[in-house]
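> return a 3D structure for these sequence lines:
(one chain, ligands or ions: 2)
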Amino acid sequence: MAFFENVPKVKYEGSESTNPFAFKFYDAEREVAGKKMKEHLKFALSWWHTMVAGGRDPFGDETMARNYDGKTDPMELAKARVDAAFDFMDKLGIEYFCFHDADLAPEGNSLQERNDNLKEMVAYVKQKMQGTPIQLLWGTSNCFNHPRFMHGAATSCEADVFAWAATQVKNALDATIELGGKGYVFWGGREGYETLLNTNMGLEFDNYARMLKMAVRYARGKGYKGDFYIEPKPKEPTKHQYDFDVATCIAFLEKYDLMDDFKINIEANHATLAGHTFQHELRLARTFGVFGSVDANQGDLLLGWDTDQFPSNVYDSTLAMYEILKAGGFTNGGLNFDAKVRRASFTPEDIAYAYILGMDSFAFGLIKAQQLIEDGRIDDFVAKKYSSYETGIGEKIVKDQTDFADLEQYALSHGEPRLSSGRQEYLEGVVNSILLNGKFESER
Ligand code: XUL
Ligand code: CO
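Ligands and ions are numbered 1, 2, ... in the order given. Here you go, the predicted structure:
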């Protein structure tokens, strides 16, 4: 019995369709701004949430059967997950996946066994990928679940833990390279602190950077051409995580001279936990040239933790796609659904509904973001708002042809500056008029 036997092949049927197993907006082959939708969006399946997690929360056990027809042997279970994942990706037309070493292969009873299990699973996945369009978006190592990482991994006070984490990262890099991965992610789940009273912050930052540099040296030495990403998150599981937000990550990458190899993997719910919008984090990354990849999900703004819900908010997905298009789109990155179904949505069909929701939300966002750009009212407004820098004293400022003495003379002779309106409400109205104009598939 196949795990997703009740999920049919999901096709695009248009916004009027009421078929729950159809895309309403995602039409993979449709061209938007010179590229196919699937090339713009590069949807990826997250192995951990989709194939492994069973709905456990701090108050209750798993609600979802994720044992794939009763498999109990850990390696058999791991392989059954691969079979089910590839069946699911084929049915949904998803062409990328992301994994942690620990989701793909069992831990085993020793570090050697862990490495061997991962190698065996990578070989299994590799043969499964053959003859399919499915590719690895990125790999990573889980350096946060096991109790040995209680003080951190690269930032642990225990040098032996640093060595263990380095071994995991080395083997996860080997797995990523073997599967032709386009990216490798570091998410510092335990790289932070609970209290400063027991923390040597300077050494922890230095050691974290040492780990990243060793990873770059090792992977580049093996011919890896893809991107490295760090994934900001301000808190959870630690009280304070070092990769707090995009701005903090940029400061860290700059200080340790890692900007050439690293970009940022931006997760929507992590942005909101940091007190930012998703759009803000994307804008900052593109402004500083470190936009890399996206973990697509959404949080519940009434809750202070990472709910990892599938994205349904089309206002947010539109503004996110606007930033992504303005950043020039994805190169090595993509849209990984780091999202999970709710605990009470426990059937395999719910996973399909969740991905359809997420993929349609971002397809809608892509269509509308492109319409916002083509419409031009926002770009025109912004260009006019800053037009004082195109001529006169403004031009001298941006061409670095002036100084304080010159500017003082100018200000004294010109008197009170003339201002113009920021027109926020007008611009919000423009966004709504595009969102609500009803132009979707009929405009091909
Ligand atoms: C946790 C999270 C991770 C990373 C990969 O909040 O987002 O799943 O994306 O380790
Ligand atoms: Co994530």
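
> run through the stretch 1-150 of the chain and note the low-pLDDT ranges.
Where the stretch 1-150 of the chain drops to pLDDT under 70, the residues are 1.

> strands along that one, start to end?
Taking DSSP state E, counting those that start in this stretch, the strands of the stretch 1-150 of the chain run over residues 11-12, 22-23, 31-32, 35-36, 43-46, 96-100, 135-140.

> how about the stretch 201-350 of the chain?
227-230, 240-241, 262-267, 291-295, 335-337.

> so what's the residue count around the closest residue to L366 other than its chain neighbours?
Excluding the flanking residues, the one nearest L366 by C-beta to C-beta, 6 or more residues apart in numbering is M321, at 4.7 Å. For glycine as for every other residue, the C-beta is placed from the backbone atoms N, C-alpha and C. Using other C-beta atoms under 10 Å, M321 has 30 neighbouring residues.

> repeat for E16
Using other C-beta under 10 Å, E16 has 8 other residues around it.

> and N269, by the same measure?
Using other C-beta under 10 Å: N269 sits among 25 other residues.

> so it makes contact with G304?
No: counting by C-beta atoms under 8 Å, G304 is not a contact partner of N269; they are 11.2 Å apart.

> closest to ligand 1 out of the strands of the stretch 1-150 of the chain?
Comparing those by their distance to ligand 1 (C-beta to the nearest ligand atom), the top pick is strand 135-140, with 4.9 Å.

> on that earlier part again, can you redo the strands of the stretch 201-350 of the chain as TSV with mean neighbour count, mean pLDDT and distance to G394?
Putting those into TSV (neighbours: other C-beta atoms under 10 Å; pLDDT from 0 to 100; distance: least, C-beta to C-beta, whole Å) gives the following:
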stretch	mean neighbour count	mean pLDDT	distance to G394
strand 227-230	25	98	37
strand 240-241	20	98	41
strand 262-267	27	98	32
strand 291-295	27	98	28
strand 335-337	26	99	38
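
> helix, strand, or coil at the closest residue in space to E158 that isn't next to it in sequence?
Excluding the flanking residues, the one nearest E158 by C-beta to C-beta, 6+ apart is H151, at 6.5 Å. Secondary structure, DSSP: H, G, I helix; E, B strand; the rest coil: H151 is coil.

> so how far is A369 from H151?
Counting by C-beta to C-beta, to the nearest Å, the gap from H151 to A369 is 43 Å.

> looking at these two, which one has more neighbours?
Shown here are H151 and A369; by other C-beta under 10 Å, A369 has more neighbours (25 against 16).

> the longest helix in the chain is where?
Criterion DSSP state H: the longest helix present in the chain is helix 348-375.

> what lies in contact with the helix or strand following that one?
Going down the chain from helix 348-375, the next helix or strand is helix 377-385, by DSSP states H and E. Outside helix 377-385, the residues that touch it by C-beta atoms under 8 Å, 6 or more residues apart in numbering are 372-373, 420, 422-423, 426-427, 430-431.

> can you pick the most crowded of those?
Result: L372 is most packed of those (other C-beta under 10 Å), 22 neighbours.

> skipping adjacent residues, who's closest to that residue in space?
Excluding the flanking residues, the one nearest L372 by C-beta to C-beta, 6+ apart is I434, at 5.2 Å.

> picking that back up, which residues sit in contact with the residue nearest to L366?
By C-beta under 8 Å, 6+ apart, the contact set of M321 is 362, 365-366, 368-370.

> ok, now G60?
Per C-beta under 8 Å, 6+ apart, neighbours of G60: R343.

> one more time with 7 Å
Neighbour list for G60: empty [criterion: C-beta atoms under 7 Å, 6 or more residues apart in numbering].

> mind listing the residues bridging to it?
D57 (DSSP bridges).

> could you do Q309 as well?
Note on Q309: beta-bridge partners by DSSP bridges are Q298.

> OK, contacts around it?
By C-beta under 7 Å, 6+ apart, the contact set of Q309 is 297-300, 339.

> do you know how far it is from D360?
15 Å.

> V52 too?
Noted for V52: a distance of 25 Å to D360, by C-beta to C-beta.

> more crowded one of the two?
Per other C-beta under 10 Å, whichever of V52 and D360 has more neighbours is D360, with 21 against 17.

> stretch 225-236 near ligand 1 at all?
Yes: interface with ligand 1: stretch 225-236 contributes 231, 233 (C-beta under 6 Å from any ligand atom).

> with just CA atoms, put that stretch into CSV.
Taking C-alpha atoms only, stretch 225-236 is exported to CSV below (Å, rounded to 0.1, in the frame of the first residue of the first chain):
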residue,chain,number,x,y,z
LYS,A,225,30.2,25.4,-6.3
GLY,A,226,26.9,25.9,-4.5
ASP,A,227,26.0,28.4,-1.8
PHE,A,228,26.3,28.3,1.9
TYR,A,229,23.5,29.9,3.9
ILE,A,230,23.0,30.9,7.4
GLU,A,231,19.4,31.0,8.5
PRO,A,232,18.5,33.7,11.0
LYS,A,233,16.2,33.0,14.0
PRO,A,234,16.1,35.2,17.1
LYS,A,235,15.0,32.7,19.7
GLU,A,236,13.7,29.2,20.2
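
> residues in contact with that stretch?
For stretch 225-236, the external contacting residues (C-beta under 7 Å, 6+ apart) are 138, 181-187, 215-216, 241, 243-246, 248-249, 261-265, 267, 270, 273-274, 292-293, 295, 305-306, 332-333.

> and stretch 342-362, by the same measure?
With C-beta under 7 Å, 6+ apart as the criterion, stretch 342-362 contacts 3-4, 6-7, 10, 20-21, 23-26, 41, 43, 50, 55, 57, 63-64, 92, 296, 310-312, 314, 317, 321, 335, 337, 339, 341.

> buried subset of these as a ChimeraX selection?
In ChimeraX, a selection of the buried entries from these looks like this (16 or more other C-beta atoms under 10 Å):
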select :3,4,7,10,21,23,24,25,26,41,43,50,55,64,92,296,310,311,314,317,321,335,337,339,341
